[in-house]
Each structure stands twice: as C-alpha cells, then as structure tokens.
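Chemist: Attaching a predicted model along with its sequence, questions to come.
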Protein chains: 2
Amino acid sequence: MRKIVHLLQSVVLLGVTAASVHAQPVAFAAERENWLRKAADNMPKLTETVKKPQCLVRSEKDPDAFQGWKMVETDGMETLYNQSFKALKEVTVDFGEHLTGYFSFTIGKLNTDADAPLRFRLTFAEVPAELNTPFDPYPGGLSRAWLQDEVVTVMRAPATVTLPRRMAFRYVKIEMLAHSSFDFAITDMQFTAVTSASGTPEELAPTTDPIIAQINRTGLITLKECMQTVYEDGPKRDQRLWIGDLYLESLANTYSFKNHELTRRCLYLLAALADEDGWLHATVFEYPDPHPQTGQHCMDYSLLYGVTLYEYLKATGDRETAEDLWPVVVRQIEFARTYLKDDIYDMDKKPQWWLVFDWKEDLNRHAPMQGLMTFAIDRSYELARMLGREQEVAEWPGVVKAMRKASRKNFYDSKNGVVVSGPDRQVSYLSQVWMILSGTLSQKESVRALEAAFADPASCYPGSPYAYHYLIEAMLHCGMNRQAKELLVDYWGSMIRKGADTFWEVYDPKDDFKSPYNFYPINSYCHAWSCTPVYFINKYKEIFQQ
Amino acid sequence: MRKIVHLLQSVVLLGVTAASVHAQPVAFAAERENWLRKAADNMPKLTETVKKPQCLVRSEKDPDAFQGWKMVETDGMETLYNQSFKALKEVTVDFGEHLTGYFSFTIGKLNTDADAPLRFRLTFAEVPAELNTPFDPYPGGLSRAWLQDEVVTVMRAPATVTLPRRMAFRYVKIEMLAHSSFDFAITDMQFTAVTSASGTPEELAPTTDPIIAQINRTGLITLKECMQTVYEDGPKRDQRLWIGDLYLESLANTYSFKNHELTRRCLYLLAALADEDGWLHATVFEYPDPHPQTGQHCMDYSLLYGVTLYEYLKATGDRETAEDLWPVVVRQIEFARTYLKDDIYDMDKKPQWWLVFDWKEDLNRHAPMQGLMTFAIDRSYELARMLGREQEVAEWPGVVKAMRKASRKNFYDSKNGVVVSGPDRQVSYLSQVWMILSGTLSQKESVRALEAAFADPASCYPGSPYAYHYLIEAMLHCGMNRQAKELLVDYWGSMIRKGADTFWEVYDPKDDFKSPYNFYPINSYCHAWSCTPVYFINKYKEIFQQ
C-alpha cells in the first residue's frame, strides 16, 4: 500500500495535474537547448553517390510474384537514350537496387529547337505493384501525397531536370503527358543517392548459409537507406524518427556500421523534444526546426528509450551521453508507474495511449504491455548500475519483482502453460514474447509457452517485422536457437524469395496485400524496423553464421 | 531585264546555292559575338513587385459573358485565411489584375503537427473560362503543357511554397488533392510580379473618351506584361521574341514607356541569331543560351525587321545601332528580292515560307505579301537615307516603283476599285491594307478599296489584333480617321466590354471561342501584338484624344 501512495505522489511530481506542471520538469526545460545543440553537433554528414540506371523493364502480371507483378528486363539503357521519346511515350527503368535521394533526367537530342514545354508524370516505386496499381481514386488511410508520383512541367529543352522531392525507389516510370512538334529523346538519367551510413560492416563467417548472408545484405541495405540525418522509419514514408525504430536500428547499427554518432543525435533529439512534463514523444520531425509530433505519445516506445540508452552505453562506453539523458529514462519509468494498479498496467487509466507493438489490430496488448514495462524497468535498472546510480532508483528491482509476480497471477495460464491477455484470454505470440523477455517465465515455461502459441492455430501471430524481432529475441532468450534461426530464415528469407531489395514495413507471409492503411502501395517497402536480422546474425554468430 | 540579271547575281551572293554559302555571310558571322554581347549589355533589369490577392470568387455560367463564364466575388481573403482548407477543399482567388511572375502560398495554422505531405493542383487563368473548361483529354494543337495547371506536393508544413514556373494570370484555383489527419489553413498568398517596363507613360488629354482611355490603359498593361528580358509575344505563351510582335511592341513602347534599351536588345539578338546566310529567324529563345528556332523563317517578319529599325532610329536617334544592323536589313531585302518574278512576289518559289499576316487560314496572302514587301523596301530606303547610305541601295526606289506598278496590274481590280488576291480573286481586308500601306493605291483608291471590302459580306476580315493593327494604320494612312477611331473603339473596346484585363492574341468579335490551336484555353489572353492602341492613341492625339 505504501508503494501505491508513493506512486500517487509521483503523479503529482510528474505534473500530470495542471497545477504541478512546473514542478520537476523545470530541469528538463533548462537542458532542452543544451540537448538540441548536442543533437545538432552530432548531425552526420550525408554522403552522396551518383547512381545510373541498369536497364529498361516491363511490368508483367504473374500470380506467383509478390503482389501479382514482376519486372522483366527488356533492353539496355542505350535503347532509350537513342530513341524518340515522343514515339515511345512511356518507359520503366530499373536502377537495380533500392535508392534514396534525388532523381535527374536529361531531355536532349532534339530534332529541332524546342518551342514549347513538355510534361511528364514520374512514378517511383519500391516494388513492382506500385507501378501497376491505380493510385486514384485513392482508398488509403494516410495522405495520398506519400505516393511517389509527380507531374513535372519542363519549360525549356534541352534540359536536365532534377526533382526537388527526395524519392525512395528502385523503379521509375516516366510517362509523357504533353509534347510539342519537336522530337526529343531522354538521353540520360541519374540518381544522387544519400545516406549517412558509412564504414564497412564486418564480413560474415564463410560458413554462413547463403540465404542468411543474403538476408544480412538486404538488412544492411534497409538500414543504410533509413540512416539519414536521423534514423528514419522509412525513406519513402514517414521519413522520420520514431523511438521504436530507433531502438531496433541502433541495435543493428551497433552490429554493422557502428555509426554511433547518429544514435547519439537521435537520443538527444528525442530528449530535447519531450513535452513539458519530460515525457517523450513517440516521433519527432527535423524540419523546419526540430519539433515533436505534439500529443503523440506511445507508452511502449517511451519505455524502450531507456533500453536504447542502455544498449548504447554498452556499445560505446559513452558515459557523458548516458549521464545527460539518464533523467529522461527515469521520467519515462516513473510516469509509466503511475499506470500501475496492484502491479498491473492499467489499460483503462486515462489518458490512454497508443501502444504500438505490432501492425495487428486484434492483438490484445495488455500482457505485452505488462511484459514490456517490466523488461524496460529491468534494463533501465541495469543502466543505473552501469552509471552507479542504482541508489536513485532503489525501488525498481522491487517493482520488477512485483510486476512479474502479478503477471504470473494475472496473465499466466499455468495449466496450459501459456500467457493469456484480455477479457477473452487471447493467446498471442507477443504475449508470450514479452513475458519471456521480462523474465516473468522460466526458461522451461518460456519454451512451453511459445510452443503452445505456435501450436494453436487460433493464436494471434505477428503482423510485422517489428513484432518478429521481439519474437526472435524471445526465442533466443529461452534457448530456442535452432528454431529462431529457422524462423528468421523463414520469415525474412521469404521476403527475399519474393524479390525484396529491402525489408518491408508490413509483412504477413499469408497476405501479400496486407496494409494497415487500406492500400498496400502506400506501405513502406524499406522500413527500418525490419532490418534487425543484421543484429541477430552479427551478434549471435555461433547461431547464425554456422 | 538587266535588273533581273542583277537580281540573279544577288542570289549567288546571298548564298542560296550551297556553294556560295560562305561568300558574303562571313561578315555576319564575324559580328555575331559582338551583337550577342550588345544584346546582353542591353539586358533590362526586371522589377519585382509583390502583389496580394483581392478576393475570393466563384465561377458562374453566363451565356452573355465572354466564353460563357464570369467571376463573381464571394468573400474577402480573410475568409480563406481563417478557414480550414481541409474542409474547403477548393478555392478560386482573384488577384484583380493580370500579372506575370511567381506565385507563393503559405500553409499555416495547423491544428497539430503536420505528419504527412499535402498535394494541390493549382490552375492559373488569364480568363474565367480557363478554369471551367476541362483540359483533358486535350484536343489542342500546341503543347498541353502551356496550360497553367501544376500539381504540387508539399512535403512539410507549415511552409511557404513558391512555384518555380513563371505564371501569367489573374485568377488562381487551388484544389486539395491529398491531405492527412491534421487540419490546416492557407494563410497567405502572394505573387511576385515581374516586368522590365519602367517609367510612367504620358497622361492622355482630359478630352479623351473614357472608353479610349480604358483601351489605352489595357494596352499599356498588355505591353508591360509582355516586356520582360525581351519583348515576349505573350507571357503565358510562347514567352518569346518574334519579329512581328517586336515591331508592334516597339511602336507602342515608343509612345509610352520609351524603354528603348529593350528594343535595342531585341534587334541585336535577332541579328546575332540569323542563320549563316544572314537571314533572320522569325523567333529566338533566350535559354539556356540565346538561340534561334532553327528553320523558322517568315518572309513578312524578316522584312518588317528593317521597318522596326527605321522606326527605332526615328524614335531614338541611335545611329550606332542602326549602322551596326543596317547590313541585316539589306540582307533581308536582297533575299526577298530573289523571290520577285516580273516584280511580283513568287508564291511558288521554293523554299516557301510561312507568311504570318494573321490568324486566318483562308486569307490569300499573295497581295498582302506583295504589298508588305513594297512597304518594307520603301521604309528601309528611308532608313538608308537617314544613315546617308542610299547609294548602297540605289536600286530600291526603282524596285518599289516597279512592284507598285506590277501590283496595280496584277492585284488591282480597277473596275470594282478593290484589290484582289489569288486565283479566286479573293477580296480581303488585308489585301487592301497592304496595298494602301505600300503606296500602291492613291488616297482616293485606298478609301474606295477599303469601303468596298467593308461592304462585301464575303470579304475576308481580320482574325487577330495583329491584323487589325495594320487595318487601322491603313485607314489612318488614307485619312479615314473617324472610321479608324470607331473601329479601334469597336474592336478593342468590345474586348474591354467582355472583361479583358489585357488584350487577346486572337479575337474575332463574331466568335469568342476562336482558336488557331483548336482549343481556346490555350490561346494567349495577354498578347503583345494586341497592345497597339497605345501606339495609335498616343501618336495620333488629334484623332484619338479629342
């Protein structure tokens, strides 16, 4: 009971009531400028690489291809460059790889002087179906403007036209919308690819299974594409920093590029842009000036911030950053603790927050949230110990212990050896996962719980690579190494088999058309949170490189 | 006969045969750089003026309005600026005047942080029907890209978006094509209007009829809008220098802004960009570097170059420019003389050239061409006399005389007192006009000829303000002052009555939908060659200002 009283006091300190907003947060506000400056100081340099297209392609319907479309090479680029585009009217070009940056094309070889403007529609696609699915009327749930089609008027020719919008793509379709009497050819194309990823990741052991090597390569490309001036979630969409993506990207970065400056920048940026109560926003924007998405808090993401900082400190030994940002970690956890009722996360407490976890609407998030919170406090306490600050949060081990105990009582069906969640006692992969990662289940119970979930055809399985990450991590945690490796090969490998150049935001092997936005072309097909095989393969060498 | 022989010798000198291309033209090539430099030295400064929109308008169908549409004011701008554009979705804004330059609008007043791009279609219109006629499928004969609709993706908000394309318009319609969950308003708009016209034209006499004053004002605006880094034909389309437009614009400029530097620049530019035989191109481009529209020669326009230089010298006394460019005038005339056969312009001689004269396909151009050539040689001889170079072209008076004589024989139906042209003996206004301006008909014959053409319902009447200019000039030439004034008020005044902010490229009072391009929205509604009331009203004060 005393604990409860203490927690209620914390609520007041945290400024949840209007009157107390200016209590403890003053310290945060004082640091804001300092943290913004440190974020700016760690701005990485973008490297620019000029890329040329590989060949011309034709879209071909194929029921066996991902989303029903594949690309078939038709000709070399010279065929385009030496041909009247006025006659051709439309072309699709393959750059051979996923790229993020700025596209240029040259209108040249006029048969006479250009006397009028030209107009083109350019459509950039990460996957073939984006070029073969009409965008309008647009049924999607996110802005239609994320789709990468642009109408360009070229007032004068010859000309090299550079689109100001940054694109993420492998294929570009160019359609002529308007022309004049003069004839012309498209005589050149190039793409200035940008990334802040630098350095050469370690080679895999020669014993590595080729499919794992390919998954690793594709993960690296995915990560590289998302590493810009922040860790973006996806270079096509949403082009910004989210805490959840940061966590997984920084893990993968630690085991590949080791560009820790970018992680540091993102940690400071998020901290500087916390709200006036010190509570982190789930996502922040860089332009025109760094600012958060006001009101966008996700309790799971906020708690993962501390875990990210913990992993960062382990990887870098950068105590200065960890010391600076330690109060932010404390603030997230103390705020989350106000949501505990009898050591259980209270899903009904207002305000309620979006709990991300997965692209899976039917997932009951109660057990996952309880597990994630336990896991986060546990890891954050490890961070405290590394900083010699465990006295400041001396209660946390007790909280973890109490939460585990309450979890077992409330969520663990010991008879069936499985974690259940919600009023309908839902069995989901993620409920098992988070109860495993939180240390709530023993190793034996963990294996049993996962196997029970796997065996139950009605159990709620993950809908995104983000959720699969935690599943793999949980399997490794309880020693299911062989199965973890198999699952990684099965899940990410099947994207490869379906032609992935980069890993997708959403992927359900049973449904190629799945979209949380009601329109699969708006999905991001190069998504940061899907790059984590890089982390697993390079961290657990003995499992994945043998 | 000797004259004929001499002319044939000229052909060789002019390099019309392949072997002689490098004979006389060498002098031209030597001057090219020098002339280009002088053109560059006379580049006028564009003045930028920030303009704000006047009000919101609604398009309304009205069979009595020009092309069936009128604009009705609905609200002040604050109504837009304080309103959710997400709810409004579309707006039409009236800037209250025709403007040429660069449009900006501001996306502001977000209800929360922008989390996705927005997309808009902006359509700029010189006249109301441009906003109310579907552009696609496009039936027109010129590039559809001249139509001023642009699709704009705004990747981040708040933002002020400036379209890179220069627009010419009075009205702009903004349609929202894509949005996200956040709400926003368009909170500002502005337009940076550009022109090289400077100075304040002389006031009209207080006795001037108000409609003439209004025609004068509208002509001045038309001219100002077309005065950019060259005299453009139209700021919407084709945005470039043509000799015919230059001639009329420079006349109007002499009687208004007196920005002779621009005329000088254009004269040098055209001269520098003549072909290797020294023959002028009808039109030239400034970007990326000054270059001609290769192969685009118009015999009537080439001959008017000398008349333009003659008028320029009269207005400015700038002998240096006239001396520099005198050989260009000689070259045009000597080349044209190779087309004479028995003192008559040979319409069948190859290569045949486009003879502009008017937007009127059925106009037989033989008599007009004969008349224009006579007129041009006559005026160019005046130029020679002003420069003291009449000895160099001592034959020209004889040529003029012989041409007039041949014209009377071949084109003048003395019985009916009317000029006829072509195998069908077409009676057209322009045939009379050019035979009058060339001095082929006496004053009495001129009046009779015009009256005969006017009286004949089958006679071919002018289809453009360009042709009307010469008609008014011819009427003044033969003393039909009252009728010239009436016609000017009737023709240009009826554009005003139909709502013209600037004078139109094509205007047939009997057909508001006339278009030489098969789609009236592509017509230019601010066209240089239509500004000449400014010239008449200010030159012939005793006629137009009383």
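Modeler: Looks like it arrived, so ask away.
Chemist: quick one: buried residues of stretch A:538-546?
Modeler: When neighbours are counted by 16 or more other CB atoms under 10 Å in any protein chain shown, the buried residues of stretch A:538-546 are found to be A:538, A:540, A:541, A:543, A:544, A:545. (Each C-beta comes from the backbone N, C-alpha and C, glycine too.)
Chemist: Go ahead and confirm the last one touches residue A:202.
Modeler: No - with contact defined as CB atoms under 8 Å, residue A:545 does not reach residue A:202; the gap is 10.3 Å.
Chemist: All the strands of the stretch 401-546 of chain A, residue numbers only.
Modeler: Counting by DSSP state E, counting those that start in this stretch, the stretch 401-546 of chain A has strands at residues A:412-413, A:418-419.
Chemist: now, of those, which is deepest in the fold?
Modeler: Ranked by average neighbour count under the criterion mean count of other CB atoms under 10 Å in any protein chain shown, these are headed by strand A:418-419 at a mean of 30.
Chemist: Can you tell me the SS state at residue A:153?
Modeler: Per DSSP: H, G, I helix; E, B strand; the rest coil, the local secondary structure of residue A:153 is strand.
Chemist: Would you mind confirming that it is in contact with residue A:116?
Modeler: No - taking contact to mean CB under 8 Å, the distance of 10.6 Å between residue A:153 and residue A:116 leaves them out of contact.
Chemist: Show me which of those two is the more surrounded one.
Modeler: residue A:153 (23 against 20; other CB atoms under 10 Å in any protein chain shown).
Chemist: Quick check: that one vs chain B, distance?
Modeler: The span separating residue A:153 from chain B equals 5 Å under the rule CB to the nearest CB, to the nearest Å.
Chemist: Over to residue A:293?
Modeler: Using CB to the nearest CB, residue A:293 is found at 5 Å from chain B.
Chemist: For that residue, give me phi and psi.
Modeler: The phi and psi torsions at residue A:293 (degrees, to the nearest 10) take the values phi -80, psi 100.
Chemist: quick one: contacts for it?
Modeler: Residue A:293 makes contact with A:281, A:282, A:283, A:284, A:285, B:112, B:113, B:115, according to CB atoms under 8 Å, 6 or more residues apart in numbering or on different chains.
Chemist: Give me the buried entries from the residues you listed.
Modeler: A:281, A:282, A:283, A:284, A:285, B:113, B:115.
Chemist: on that earlier part again, turn the strands of the stretch 401-546 of chain A into JSON lines, including mean pLDDT and distance to chain B.
Modeler: Rendered in JSON lines, the data for these read as follows (pLDDT from 0 to 100; distance: least, CB to the nearest CB, whole Å):
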{"stretch": "strand A:412-413", "mean pLDDT": "98", "distance to chain B": "38"}
{"stretch": "strand A:418-419", "mean pLDDT": "98", "distance to chain B": "34"}
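Chemist: Take those strands and write them to CSV, including distance to residue B:247.
Modeler: Compiled in CSV, the strands of the stretch 401-546 of chain A are given as follows (distance: least, CB to CB, whole Å):
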stretch, distance to residue B:247
strand A:412-413, 94
strand A:418-419, 88
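Chemist: For residue A:316, find the nearest of these.
Modeler: Nearest of those to residue A:316, taken as CB to CB: strand A:418-419 at 34.4 Å.
Chemist: Contacts made by that closest one with the rest, please.
Modeler: The list of residues contacting strand A:418-419 from outside it, by CB under 8 Å, 6+ apart, reads A:367, A:371, A:411-413, A:427, A:431-432, A:435, A:441, A:448-449, A:452-453, A:456.
Chemist: Of the residues you listed, which pair is most distant in space?
Modeler: A:371 and A:456 (18.5 Å).
Chemist: quick one: average pLDDT of the helix of greatest length in chain A?
Modeler: What stands out as the longest helix in chain A, according to DSSP state H, is helix A:366-387. Throughout helix A:366-387, pLDDT has a mean value of 98.
Chemist: Return the list of helices and strands in contact with it.
Modeler: With contacts defined as 3 or more CB pairs under 8 Å, 6 or more residues apart in numbering or on different chains; DSSP states H and E, helix A:366-387 has these neighbours: helix A:299-316, helix A:319-337, strand A:344-345, helix A:396-411, helix A:429-437.
Chemist: What distance do you get for residue A:281 to chain B?
Modeler: Spatial separation of residue A:281 from chain B under the definition CB to the nearest CB is 9 Å.
Chemist: Sorry, wrong one. I was asking about residue A:41.
Modeler: Spatial separation of residue A:41 from chain B under the definition CB to the nearest CB is 23 Å.
Chemist: With residue A:342 instead?
Modeler: Using CB to the nearest CB, one obtains 35 Å as the distance from residue A:342 to chain B.
Chemist: Isn't that residue up against residue A:406?
Modeler: Yes - between residue A:342 and residue A:406 there is a contact at 6.4 Å, judged by CB under 8 Å.
Chemist: Output the biggest strand by length in chain A in CSV, but only the C-alpha positions, please.
Modeler: Among the elements of type strand in chain A, defined by DSSP state E, the one spanning the most residues is strand A:90-108. This file holds the C-alpha atoms of strand A:90-108, laid out as CSV (Å, rounded to 0.1, in the frame of the first residue of the first chain):
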residue,chain,number,x,y,z
GLU,A,90,6.4,5.7,-71.6
VAL,A,91,9.2,3.8,-70.1
THR,A,92,10.0,2.0,-66.9
VAL,A,93,13.6,2.0,-65.8
ASP,A,94,15.3,-0.3,-63.2
PHE,A,95,18.1,1.1,-61.1
GLY,A,96,18.8,-2.4,-59.9
GLU,A,97,18.7,-1.5,-56.2
HIS,A,98,16.8,0.4,-53.7
LEU,A,99,18.0,4.0,-53.5
THR,A,100,17.0,7.1,-51.6
GLY,A,101,17.8,10.6,-52.9
TYR,A,102,17.3,12.8,-55.9
PHE,A,103,16.4,11.9,-59.4
SER,A,104,17.5,13.7,-62.6
PHE,A,105,16.8,13.1,-66.2
THR,A,106,18.0,14.8,-69.3
ILE,A,107,15.9,15.9,-72.3
GLY,A,108,18.3,16.0,-75.2
